[in-house]
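Trainee: need a structure here:
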Amino acid sequence: QVQLVESGGGLVQPGGSLRLSCAASGIMFDSADMAWYRQAPGKQRELVARYSKTGTPTYAASVKGRVALSRDNAENTLTLQVYNLTPEDTAVYYCNAWGRSIYDILAGDRDYWGQGTQVTVSS
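Mentor: Residues are numbered from 1 along each chain as shown. Now for the predicted structure:
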């Protein structure tokens, strides 16, 4: 089965930085579009950053200039570095993949989600 496992969340002081990692398995990572989303309490889930299989990273306006997204196709990992955190960045951060399972290639591309990692920005 496809698994996306996030790590790196926690409690951070305002102005601090955080590095979130997503380890993917069971998916054809090279050909998958990968992304980070977040969901704050009482709000809808929103896109933070996306890295398509062929393109450069794109970022939401709310975080542009404060984040850096990278992917390692050899290690099947997606990493989000977030700088200058504010309390408004407090949310559960989810790793997302739109791609093909190595166990069911004929099924085509599907949407996969990790369990999420909590990021809390507070003094």
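Trainee: the chain: strands as residue ranges?
Mentor: Along the chain, counting by DSSP state E, strands occupy 3-7, 10-12, 18-25, 33-39, 46-51, 58-59, 67-72, 77-82, 91-100, 109-113, 117-121.
Trainee: report the central residue of the protein.
Mentor: Nearest to the mean C-alpha position of the chain, by Cα atoms, centre = their mean, lies residue 36 at 2.5 Å.
Trainee: roughly how far apart are residue 7 and residue 80?
Mentor: Per Cβ to Cβ, to the nearest Å, residue 7 is found 11 Å from residue 80. Where C-beta positions appear, they are placed from N, C-alpha and C, glycine not excepted.
Trainee: sorry, slip of the keys, the one I care about is residue 8.
Mentor: Residue 8 sits 8 Å away from residue 80, going by Cβ to Cβ.
Trainee: and the two? Which one has more around it.
Mentor: Shown here are residue 8 and residue 80; by other Cβ atoms under 10 Å, residue 80 has more neighbours (26 against 16).
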